[in-house]
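got a predicted structure plus its sequence, pasted below:
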Amino acid sequence: MRRYTELLATLALSAGMALHAQTNEIVIQTKKLGAEIQPTMYGLFFEDINYAADGGLYAELVKNRSFEFPQHLMGWNTYGKVTLQDDGPFERNPHYVRLDNPGHAHKHTGLDNEGFFGIGVKKGEEYRFSVWARLPLGSTKETLRIELVDTKSMGERQAFAAENLTIDSNEWKKYQVILKPGITHPKSVLRIFLTSKGTVDLEHVSLFPVDTWKGHENGLRKDLAQALADIHPGVFRFPGGCIVEGTDLETRYDWKKSVGPVENRPLNENRWQYTFTHRFFPDYYQSYGLGFYEYFLLSEEMGAAPLPILNCGLSCQYQNNGSKAHVAVCDLDSYIQDALDLIEFANGDVNTTWGKVRADMGHPTPFNLQFIGIGNEQWGKEYPERLEPFIKAIRKAHPEIKIVGSSGPNSEGKEFDYLWPEMKRLKVDLVDEHFYRPESWFLSQGARYDNYDRKGPKVFAGEYACHGKGKKWNHFHAALLEAAFMTGLERNADVVHMATYAPLFAHVEGWQWRPDMIWFDNNRSVKTVSYYVQQLFSENKGSHVLPLTMDNKPLMGGEGQNGLFASAVYDENPDEIVVKVANTSDTAQSLDFTFKGLGKKQRITGITVTTLSSSDLDADNTLDDPEKIMPLVDRTDINTTEGWSTEIAPSTFCVFRFSKK
Ligand code: AHR
């Protein structure tokens, strides 16, 4: 036997700590293939919170584009003769504006849109302005000027991109023009004004970057969508979260309103507008421009299984506890039909009603929906009594679809203890668990799933994040503890089939909830350390669990385990062993790996070590310093039949990939 010793001195030094290694003998059984790791194991949770959709991932730059906010001109600044009309071409969005001659050759009529915290544009990129417009009968031609304006400009010109647009029809028609800004501007304004002397009606005013993710019109902001795809998620949950429930049933997410032509998708209030009075955003609405078709398409293009969550007939129980603001069990039919229709929308033949809607939107082939969630953070008997009829109807019509139920908003306690047995009784396939918990919880929950019932429903850790005690913002230590905890998810991959950190996105000027995985402003985005933890687990999830022990016990930071958490997997493609280790202690630790079960002629030939470490536990990446804490990759060739020794720096997460021959 030859044991290799590799001191990761650079890591330890970079963490500024002395090397006080203790000996930790870690044994990996390479031949004992455990549970298969589900392709859905690590995924993404998306909710329109923190301006994640409108103003975020959804690349539309105009706010209140259809003039349907309750204050119809919110986000717009008008001048000259602008009047609001309400008999427009789109039934569910009837309002539009009329621009009239202001009455003097030197005056202008028009309007400016402020965007979401301004309109961010980049030098040299193309932006597609589009508008539905018409002329009054008798008129044949009017001209508009479309500009991107720097309202605070001290330069020669306010407008830094401008085009003319001719309107030439008495019927409603869509017009478009491309703007090419000569500068990068994070907070510009879109200006539209009449340059001729007549009257023009304008509806659904829109501005998108041409270069959206995958180039779709009505598409997604490229940097944000790419960040999601780079996680290689196995599952994509949408549209939330609490917005599934709504503040009341009126404001619940209604998927049927989110499909079809965007111009006719009605506005919905966003409950995060006013959920926290200290983070109140009166202009936060859902345009539904990012709707269920777009969510399915994104899932497909990222290679993730789509997981829609639907309302179960209960509006948010936090906001309506004990009230009658819910659907009576006997009146659930239309809600249940929504679930069945959604399955048809996703998977149905193009000749079915909803399959045709999908096909007409550009996707005749099915989206291969396999999972559906009913209810979000529900509790009490109100939930199972509503869930039951959904389950009966879905099982009857679609036995192939797996159903996700909920264990409520808490990771333990009365409601949780009531709902889990109920979920077993109802035979849901997976149970959604949520835990936004402090450091102590994450450190103590390494064995959480070790004793779960192997015959019951599987676990979907559907929303979780370490919320530091007194430190509810992103920081390295919280991410490290998430990594430590995730080794327990991985070790129990026979029972945990899905896990998604939450929430996903936050606009730096518009957040309601933190920490979040990806932060952004109008032109930039930054991946937090929590993002890299998720990415490292996802990219190294392997195919099967391998037993990994220290003193014959799983390694989960307990007594005598020196703050170490670890899991091991076999990756059949390529043929490698992957070991993830989180050192949550403040001292360096020796790691003596022993590989049991290698074939007679087999040897470990190389190790790739990916390390996430920071000497400042309170630090994280920021928009101004986006690469402060990044995974560092180091590759070493070795040649051993049995063991390898190294050292892991304090407060460090490492992924070791061992290649074999
Ligand atoms: O992720 C933010 C919120 O946390 C979700 O909307 C809700 O499900 C949970 O309470």
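That came through, no problem.

can you name the element that comes right after the strand or helix carrying residue 435?
Secondary structure assigned from DSSP states H and E places residue 435 in strand 430-437. Per DSSP H and E, the first helix or strand lying C-terminal to strand 430-437 is helix 439-444.

so how many other residues sit close to the residue of the chain found nearest the ligand?
Of all residues in the chain, the one sitting closest to the ligand is residue 241 (3.0 Å; C-beta to the nearest ligand atom). Quick note: C-beta positions are derived from backbone N, CA and C, even for glycine. By other C-beta atoms under 10 Å, 27 other residues sit near residue 241.

roughly how far does it sit from residue 659?
Residue 241 is 40 Å from residue 659, where distance means C-beta to C-beta, to the nearest Å.

mind listing what's buried along whatever helix or strand residue 639 lives in?
Using DSSP H and E, residue 639 falls within strand 632-640. Of the residues in strand 632-640, 638, 640 count as buried by neighbour count, 16 or more other C-beta atoms under 10 Å.

can you tell me the strand partners of it and which way each runs?
For strand 632-640, the paired strands and their directions (DSSP bridges) read strand 604-613 (antiparallel).

still on that earlier bit, continuing past the strand holding residue 639, what's the next helix or strand?
Next along the chain after strand 632-640, taking DSSP H and E as the criterion, comes strand 643-648.

next helix or strand past that following strand?
Downstream of strand 643-648, the first helix or strand assigned by DSSP H and E is strand 652-660.

return the per-residue confidence for residue 11.
Note on residue 11: pLDDT of 39.

oops, could you answer that again for residue 187 instead?
pLDDT for residue 187: 96.

isn't there a strand covering residue 307?
Yes. Counting by DSSP: H, G, I helix; E, B strand; the rest coil, residue 307 is found in a strand.

that older thread, may I have the strand holding residue 639 exported as PDB, CA atoms only?
Written as PDB, here are the backbone C-alpha positions of strand 632-640 (Å, rounded to 0.1, in the frame of the first residue of the first chain):
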ATOM      1  CA  LEU A 632     -10.700  27.100  -6.500                       C
ATOM      2  CA  VAL A 633      -9.800  23.900  -8.500                       C
ATOM      3  CA  ASP A 634      -6.600  22.000  -8.000                       C
ATOM      4  CA  ARG A 635      -5.600  18.800  -9.800                       C
ATOM      5  CA  THR A 636      -2.900  16.300  -8.600                       C
ATOM      6  CA  ASP A 637      -1.800  13.000 -10.100                       C
ATOM      7  CA  ILE A 638      -1.300  10.300  -7.600                       C
ATOM      8  CA  ASN A 639      -0.900   6.500  -7.700                       C
ATOM      9  CA  THR A 640      -2.300   4.600  -4.700                       C
END
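
now that strand: average pLDDT?
Mean pLDDT, strand 632-640: 94.

go on, stretch 331-346?
Here the average pLDDT along stretch 331-346 is 98.

likewise stretch 599-611?
92.

following the chain onward from the lowest-mean-pLDDT helix or strand in the chain, which element is next?
None of the helices or strands of the chain scores lower by mean pLDDT, DSSP states H and E than helix 9-14, at a mean of 36. Following helix 9-14 in sequence order, the next helix or strand is strand 25-29 (DSSP H and E).

ok, back up a step: the residue of the chain closest to the ligand and residue 53 touch, don't they?
No. Counting by C-beta atoms under 8 Å, residue 241 sits too far from residue 53 to count as a contact (11.3 Å).

is the nearest residue to residue 198 once chain neighbours are set aside in a bridge, and if so with what?
Spatially, and ignoring its direct neighbours in sequence, residue 198 is nearest to residue 142 (4.7 Å; C-beta to C-beta, 6 or more residues apart in numbering). Judged by DSSP bridges, the bridge partners of residue 142 are residue 167.

how many other residues sit next to residue 142?
Using other C-beta under 10 Å, residue 142 has 21 neighbouring residues.

same thing with residue 475?
Neighbours of residue 475 under the rule other C-beta under 10 Å: 22.

dump the residue contacts of it.
468, 515, 529, 617-620 (C-beta atoms under 8 Å, 6 or more residues apart in numbering).
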